[in-house]
Every structure is written in structure tokens, then in C-alpha cells.
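# fold the following for me, if possible:
(3 chains)
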Amino acid sequence: MLQKKNLWWLVAVAAFAAFPLLITNPTYTSIGFFTLIYMACASSWNMFSGYSGYIALGSAVFYGTGAYAMSLISIHANMAPGAAMFWLVPVGGVVAMLIALPFGWIALRVRRHTFVVITIAVFFIFQLGASNFSFTGGTSGLALPFITWDASYYFVPFYFVALGIVIFIAILSAAVRRSRFGLQLLAIRDDEDRALGLGVKVTSVKIVGFTLSAFTVGMCGALYAMEQGQIYPQFVFTPVFDVSIALMTFLGGLGTLTGPLLGALILESSQQWLTISFSNGSLYLILFGALFLIVILFMPQGIVVYVRDRVNKKADLARVASAATSPGSDAVLSGSTPS
Amino acid sequence: MTGSVYALMATGLTLIFGVMDIINLAQGILVILGAYLSYALAVHLHIDLFVGLLITIPTMFIVGIVIERAFIGRLKGPEKTAMSILVTYAVSLLIEGALNIIFSTNDVQLQAWYVNKSFAIGSVHFGYIYVAGFILAVGLLSSLYFMLYRTRFGVSIRASLADQTSAALVGIDVRRVSTICFGIGVAVTAAGGMIYGATNSFNASTSYDLISRLLTIIVLGGMGSLGGAMLAGVGMVFVGDMVGVVWSPIWSSMSYFIVLTIVLLVRPQGLFGKPVVRVA
Amino acid sequence: MNTKRKLFQTLSVTSVATASLLGAAFTTISGASSSTLAKGAPVKIGISLSLSGDFSADGQAFKQGYQLWANSVNAHGGLLGHKVVLDIVSDASDPTQVVTNYQKLISTDHVNLTFGPFSSLLSLPSAKAVSRYGYALVEGAGGAPSVFQAGLNNIFDVSLPVANDLVPFSKWVTSLPMSSRPKTVAYVTSNDPFTEPQVTTIEPTLTKAGIKSVYNKVFPAEVTDFTPIADAVAAAKPDAVVLGSVDVPTVSAFMQAFEQSGFSPKVFIATGGPDQGSTFIQAVGAKNADGMMVPNAWYGGSANPLSKTMVAAYVKKYGGTPAGVSSDVAEAFSVGEVVAQAVKATGGFDNAKIIAYLHGKHTMQSVQGPVTFNKLGMNITPTAFTFQWQGAKFVQVNPVNDPNSVKVLYPKPAWGK
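Model (predicted):
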């Protein structure tokens, strides 16, 4: 029963892997790269905020930290521009975790509504710090070693590293979800006081979850910095990033495994495509806003939940219609993860 | 005095959140829309900024009602607050795009003979527009208070603020109260926008700065607390200004956010918020 | 757990695929740039501009400048007989989007040439992306030192390098007789790569001339409420104010706060804002603008014949007065002129040849004056000017010995007079 579902995952991974090989136009590879980055970040954000119900709007802190870690280390170590810099990607993730630990320890002393705000405030503190301290280059930002790969394949290595990160976070999310630790996070979302009463160490569970989710986001930030070759504080510590990944997750389905991946895939690729297709910036805003509004109003629970409900309903009907003859419909039902 | 204008804009936001559990991310762009309305009236019809409020406030009230009826009212369920962020964000994108097309992206500022004038008491100078803005803000805020505490409708709003379900049980039409509340919350942006537009030059993208400031104000004041929003609005400007003058402007916003974080750690419900009581 | 193994298998397959693809990619030659055009085919020029977001006002002015240039070229038979078509996409002032945009312009739309976006912030990432295709990026607004420090060989800024913008101003101030020279000065600047270098460049000169600094602070670029800072400046009562600003809102906020606190400096110069023509006047009012100074390389009343033609075309198309034309328009227009001369000189649209030509110390003409690039792509020939609003006119006042300069209105009249 599980194999059918796994097959779909494999098909999806294969499709993503084949994409830049089949469509070699660098425009689409670059859009693909940015989409994968957002898929990884949304999924990682969901692994903490979606599972635990603690909505964080400060993930850009990790993204920016990863980006600055990549930049500062590669600059000060005088690294030769090239593939060796990819080794700094996990380093960026680790640095982000080191920041997340005290950040979470402070911010998670309070409950949900206040937590959101503290994450926003901490985010601004980081953004202002990066713009004003001299070691971060101030508002001029930092210029990384300039990678001179040819434009025709420049994005391809970045694309595959990003794809690797997406696969990593998808597996991690699934593993967390099935683990005891994941159940504790879900218990916190459903009723924190009861979870506490039942002996869940809520504070440490929350802090571990928060820190864990920082790793992937930090890696993405580092990868982004390496690809851009130039970072600015206001664009790596950007509130747009915080809002975007939350929006993507909500659009796809909060707390589900595929939701954030799907939400990011749809939103980021369509946003990039709409922008390059319409030279009029204002018209694009209107179109994007309208599209967004329609999706939210018609699928308030997110696309994944919406589709699942439809499929389930159909399966139910099918089961009623042919009571004993089709055992296959069971697979569809149990294949969908309850949220 | 700038603080009182922020307080006015934030009051609208906090009223909407308190009654409806809706976080209106479009408040920033609505302030700008209000400012543009005043701008259009002043430039094309030569209507004075303050007289123009008689037109812009009711207009913004209607805009608010339309937005509520068309989009916000459709949201239901436990994730309503989160969904409202998405919906109002989308609405703000729509308005931003439309404003860019209608008014172009050039920065404008509202002009009137009194905008740059000031009078002095001793050695302290007071700008007319700030004083007028202050009076306007205090006037509107106190009439809002009067309405809330001295009228029948105010009672139903306060009842809905306290507990929506019980309010519905005692026969209050919570749906209608919500719509009107949203309208009022948006209507105050007309006044806030006019003062803002006369003291700053703006275009549609200015709304991003505004909304982040407004959100922090209502949080610091305790979500849904009207008095809190007022005090936090004034407080935010004060902390920022003091640090800017005494130390360096670079650190003024940062110190504000640090104060915010500390306040929240000590009093998680904000300065004036009700402690969260566990229900069920 | 069988899932994991399968996924790892896929991962290894993927990496093998990547490796082989990279091998293949190394052997192929990127042929995006087509240096020869079929007869009668239009020449496409790719541009990313900020049509929404933070830089939207400047982005729109740049668009006007580029379009005016394209119209004027097409009215004279095009570029080497090819009609010029502009392919403009919007980047919402975001460096990530800018990179995607230039990718798309070059590899999907197959543009022949690329022109720069607005501001140093976006020029640098754009130039990096474009350089991988071997394209030249000629731009009009990206003169911050950080842009040239990147050491790219394909970026060319036709405008004045910003660091020395205020030098003619400081020369004028120090040339004043001791008795009427300002005694005190306040430096206030946004921590922006465009403004800070300008202000710090002239500080030592003024200090040496005995002008005491009574206020010297940097404010963050994202500040929206300038009143407290402006009040602090007003309280120090300096004779001169040097404001490092990028845009109109900043300058207008300072002017308003000064007026309200009853403070009017004898000299008030702002690095950006007063050069925005009618936008500036609309924001501050014509009377208050009187006496405001700004450094730049160009203004609407420039005597340069090329500039006069452009200004006339601008006024015909968009209305307004010569003084109302934003310097952004001229900056964009100059980009087109410089590239057109390089194209004519090299006889085609080969970017490698264009880059070589631009590095070749040739002097080209533009509405902003002569243009010659050094090896970093910095324009080394232009003279910085200082301009001042006098009455409803925007006039050139520095350098003092320039025949086109008129006398500085000094001291600056009180507000609204």
C-alpha cells in the first residue's frame, strides 16, 4: 500500500531532476532554482510552524544568517570562486541553527500570538544590525568571490544542490512527522496544556523543532548568496521572505507534507513567470492579487486538503457503489495523511 | 504629536482585530488610498484638506464595508485569523497596483497654505498641521470612545469584543456589527492618511513601511485594546525619537524593537491586553 | 525506511546526471549573443526597470529616458539601419528578480544588447548575471564605489562617479571670503552606498577651511520619520546643511521640519531630490524650493545641444517645463547614446567588440556631456556641477568659473519667501 505513494514521490523527483536537462534554457533553470529554494524553505518552516501551530514570521533571520555566513567565510578565507564554495552551504545551515537556539529559547517562552510578534521584532533587529554594523558591509552589502561559469549552465549546479536540499527536507519532515518527536509537536498544536500535563517537555520540544527548521533555511540562504554573488542586508533579511513562505504553506495546506512544497511550486514559479511576462509592474500586482484572492476564497484549507477532500469523497462514493469489489479505494484513503 | 496620528490609524486596526479576529494587512495601503483621495480632491476640485475629510471619511467607510462584504465576511473556521492575513494581503496588492496605474509612482505630498507653517510658544515651535492632526486624532478617538461607551451600538460592539458567541446568544447581530466595525476601522484611515500625506511625501509602496509600524503598535498595546494602541502609538514615536536625538538615529528603530521584545517577554499579553484565559 | 533508500538511489542517479550534463555543457559554446542581424530585422534591447516597489518613481523616469532615445534613433533611420525595439521587464526593485529578468531577456527573448536598471543596488547583480553571457551592461545610475570595486569588465556607468559630486560645492564654499563664509555646518546622511561617500569626501576640505561641524550623524536608509533628526539639526543652528539623501521624500521632510521649527540655513545642499524636477516642486512647493542646491552632472537647462534636443522632445511628449525634467531621464538617454556610438564604431552588435571599444579610451558624446571610461567602467571625463533652484528656475551655479554658471543665491532666502 505504501509503495504506490512512494512511486509518486519518485516520479516527482525524477521529473524535477530531468527538468533542467530537458529544458536547457537558463531562464527556466533560474526560475526552477528559486522555486526549489522556496519549496525547501516553506517545507522547513512548516516542519516547525505547521506541526506545532506556532506561526513564526522571522525565518528570514536564518536565511540572512546563512547568506552572511557564506559571504563572510568565503571572503575572509579568500576562497577561489567555484564549486568548493558549495561546502559552505551546510555551514550556513549550522550557523543559522546556532542563532536559532538562543532566539528560540527567548521567543518560545511566550504563547502563540505573542510569539509571532517577537519573531517579527527579532527579525527587524537582525535586519537593522546587518545594515548598520561595519563587518557586514553596511547597506553596501558584501560581494562574494565571483563565479565565472558560463551562462548556459551556470544555474544547473545550483539547481541540483537546491533539489538535494528539497529532498533532504522532505525526508526530514516525513521522518519527524512519523517520529515520537513529531507527535509531541502535533500535541502542542492541538492542546499545549494537555500535552504538558501528559508529560511532554513542551519547551524543549519547541526549541528543538525551531532550531531544526532553521538548518534548511540557513542552507538555502547560503546557496542563494553564492548564486547571486552579491548580498544586501535588506534583501536577505526581508519581510517578504517571511510572508512568502507562510503564504505558500497556507496555500498548499498548513501542517501537511506536500502542502508547502506544492504551494511554493505554484506561487514562486507563477510569480516569476508573471513578472517576466508582463512588462507593466502594476498590472502584474493586480493579476497576482486577484489570483491569490480566488485561490484563498475557494480553497480556504489549502490546495492539498481541498483535493484530498474531493478525492476522499469520490472514494467514499465509489466504495458505496461497489461495496466489496474494489479494495483499491482503501489505498487512496489511507494514503492521504490526516492533518 | 506624530504619535497621535499613528495611534488613530492603529485604532482602526485594533478595533477590527478585537471585534472580528481579523488582521487587516491592507490597513497600510488604505491609509495611502485615503491620502490619495484627499490629494485628488485638493488638486482637481480645490477642496481644502480638512473640508475634504467630510467626503473622504464616508468614502473610506464604504470601501471598508465593500471589502468586508466581498471578502472578509466569507472567512470562517479556526484558521480565520491566518486566512484574513492572506486575504487582506491580496487586497492590498490589488489596491497598490490600481493606485500605481491611476496616480503613477511619483512621490507626492499634500499641499495647503498651513502645511509648512508653525507658531511658537516661547522657543518651542509647533507645526499647524501637527497640532491640527493631533486635535483631529483626539477628536475622532474621543467620538469613537463616546460611541463605544455611551451608545447602544457601542454596547453591542463591546459585547462582541468580549465574546462573540455570547453576544450572538443575547441577540446581537454580530455579522452586522462586524461589517460596520470594519467600515469604521477603515474610515479612520481617511483622516490618518490625510495627516500622513501632509507631513510625508508618499506613493503606493509607502504602505509597506506604514503597515509594519501599525502592526507593532497594536501588538505592543495588546491586540484588541483601544487604549493600548493609543499609548503604544505615542510610545513608539517617543522611544524612537529619544534614541535618535540622544544617541544616533541609526539605532532608534532597533531600540524600539528591543523594547518591544522585552515588554512582551515580561508581559506577553502586551501593555494593556487582557491576560489570555484558557477556555475549555 | 525503504523510502529513504529509494530516494537516495534517485539522488545518486541525479548527481551522475548532473556530472554528465556539466561535462556536456563545458564543451558547448554559448551562442546566445547574435552579433549579426538579418537585414531589416529590429535590434532588441533588454532592460529591467523598477516599475513598482521602492525605486518605482526613478524606474518610470528611466523608462521615459530610454523610450525617448529609442524614438529619436528610430526617427533617424534606426541603429545601422535596424529599428530599435525596447524589451522592458519590471523587477519590483528586487535583486533576485533582476537576475531572472536579464536571464530571460538574453536567453529567451534573445535581445542583442542590455541596458542597466536603476540604482547601484540593482546594477551590480545585473552586471554579474549579464557578464556570464559576455554582454556589456551600460547603465546610467550605478555609480557607487562598490559597483566599480567588483572588478567586472562589462559594466559601464555613463554618469558621474558619485564620490566627487560635492567637490565643486566645497570649492565654492571655501572660496567665499572669511567674513561671509558659513561658520558652522551640519552633515546628515543616509547610510546608502550612493550618499555616504559624497558627504565624507568633502568633510576634511570644509573643516580645513575653518567651518566647524556642529552635527554629524548617519541615519538608516529605512527611516520614515525624519522629524526628530531634522529637529536636532535645527537645534544646532548650523549655517550650512549638507544632506545625504537619495530621494524627494527625505529632502521634503527635512525642509518641512526646518520650516516648522523656524530654522532656515544659509546654505542647504542635498545629494538627491532637488534634481527630480517637477516631482520635487510638487512635493515641496515652488516657493520653498528657492535656494535649494543639488550636485549633479546634468540639468534640464543645460546648454549642451544634444541635451536641448532631448529636452524639447521630452516636453513635447510628456509636457511640463525643461526644469521639470528629471535627471534620471538624461541618465537613461545617455546610455542609449553611448551604446549607439559604440555600435556604429564597431559596425555591429557584437558585445565583445562593444566592450573592447568602450574600454578603448574613446570619447563619446551624450546629453550629459563627454563620456570616457577607465578600465573599471567609470566615466572619467565629466565635470560635476552644482545646481540651484532660483525662483521657478533650476540653474547651474558651480563650478564658479564655468561660463554657464550663474551666481549662487546666497544666503538662501527664508522659507516661502
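
# contacting residues for the residue nearest to the spatial centre of chain C?
Central residue of chain C (C-alpha atoms, centre = their mean): residue C:141, 2.3 Å from the mean position. By C-beta atoms under 8 Å, 6 or more residues apart in numbering or on different chains, the contact set of residue C:141 is C:58, C:62, C:116, C:118, C:119, C:120, C:123, C:157, C:159, C:328, C:331. (Each C-beta comes from the backbone N, C-alpha and C, glycine too.)

# let me know the closest of those to chain B.
Nearest to chain B, judged by C-beta to the nearest C-beta, of the contacts of residue C:141 is residue C:58 at 8.9 Å.

# let me know the pLDDT of that closest one.
With respect to pLDDT, residue C:58 scores 82.

# so residue A:130 makes contact with residue A:136?
Yes. If you go by C-beta atoms under 8 Å, residue A:130 and residue A:136 touch, sitting 4.7 Å apart.

# residues shared between the contacts of the two?
Residues touching both residue A:130 and residue A:136 (C-beta under 8 Å, 6+ apart): A:68, A:233.

# neighbour-wise, which of the two wins?
Between residue A:130 and residue A:136, counted using other C-beta atoms under 10 Å in any protein chain shown, the more crowded position is residue A:130 (26 against 19).

# does residue C:268 touch residue C:290 like I think?
No. At 10.5 Å, residue C:268 does not count as touching residue C:290 under the criterion of C-beta under 8 Å.

# how about the nearest residue to residue C:123, chain neighbours excluded?
residue C:142 (2.9 Å; C-beta to C-beta, 6 or more residues apart in numbering or on different chains).

# residue ranges in the stretch 151-300 of chain C under the pLDDT threshold?
Applying pLDDT under 70 to the stretch 151-300 of chain C picks out residues C:221-224.

# break down chain C into its strands, ranges please.
Under the criterion DSSP state E, chain C contains strands at C:43-49, C:84-90, C:113-115, C:137-139, C:155-157, C:184-190, C:212-219, C:240-244, C:267-270, C:293-296, C:364-366, C:369-371, C:385-390, C:393-398.

# helix or strand with the lowest mean pLDDT in chain B?
Here the helix or strand of chain B ranked lowest by mean pLDDT, DSSP states H and E is helix B:226-246, holding a mean of 67.

# ok, the residue nearest to residue C:123 - contacts?
The contact partners of residue C:142, by C-beta under 8 Å, 6+ apart, come to C:116, C:117, C:119, C:120, C:122, C:123, C:124, C:127, C:155, C:157.

# tell me who's in contact with residue 59.
In the absence of a named chain, chain A is used. A:41, A:44, A:45, A:213, A:214, A:217, A:241, A:242, A:245 are the contacts of residue A:59 under C-beta under 8 Å, 6+ apart.

# the chain in question should be chain C.
So residue C:59 contacts A:281, B:105, C:49, C:50, C:51, C:52, C:90, C:93, C:117, C:118 (C-beta under 8 Å, 6+ apart).

# save those residues as JSON lines, and put in neighbour count too.
Listed next are the contacts of residue C:59 as JSON lines, based on neighbours: other C-beta atoms under 10 Å in any protein chain shown:
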{"residue": "A:281", "neighbour count": "26"}
{"residue": "B:105", "neighbour count": "24"}
{"residue": "C:49", "neighbour count": "29"}
{"residue": "C:50", "neighbour count": "29"}
{"residue": "C:51", "neighbour count": "28"}
{"residue": "C:52", "neighbour count": "28"}
{"residue": "C:90", "neighbour count": "27"}
{"residue": "C:93", "neighbour count": "26"}
{"residue": "C:117", "neighbour count": "33"}
{"residue": "C:118", "neighbour count": "31"}
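
# report the two of the residues you listed separated the most.
Based on C-beta to C-beta, the longest span within the contacts of residue C:59 runs between B:105 and C:117 and measures 15.0 Å.

# gap between residue B:213 and residue B:14?
As judged by C-beta to C-beta, to the nearest Å, residue B:213 and residue B:14 stand 13 Å apart.

# out of those two, which sits in the busier spot?
Neighbour totals were compared for residue B:213 and residue B:14, and residue B:14 leads with 29 against 21 (other C-beta under 10 Å).

# that one belongs to a helix?
Yes. Judged by DSSP: H, G, I helix; E, B strand; the rest coil, residue B:14 forms part of a helix.

# surely it touches residue B:231?
No. Contact criterion C-beta under 8 Å: residue B:14 and residue B:231 do not qualify, at 11.5 Å.

# if we ignore the residues flanking it in sequence, what's nearest whichever residue of the stretch 51-200 of chain C sits closest to chain B?
Per C-beta to the nearest C-beta, residue C:56 is where the stretch 51-200 of chain C lies closest to chain B, at 3.5 Å. Spatially, and ignoring its direct neighbours in sequence, residue C:56 is nearest to residue B:105 (3.5 Å; C-beta to C-beta, 6+ apart).

# what about the one you found, helix or strand, and which?
Assessed by DSSP states H and E, residue B:105 sits outside every helix and strand.

# ok, it - contacts?
Contacts of residue B:105 (C-beta under 8 Å, 6+ apart): B:203, B:204, B:205, C:51, C:52, C:56, C:57, C:59, C:60.

# apart from its chain neighbours, what residue comes closest to residue C:277?
Counting by C-beta to C-beta, 6+ apart, the residue nearest residue C:277 is residue C:324, at 4.2 Å.

# residue contacts, the one you found?
For residue C:324, the contacting residues are C:277, C:278, C:281, C:300, by C-beta under 8 Å, 6+ apart.
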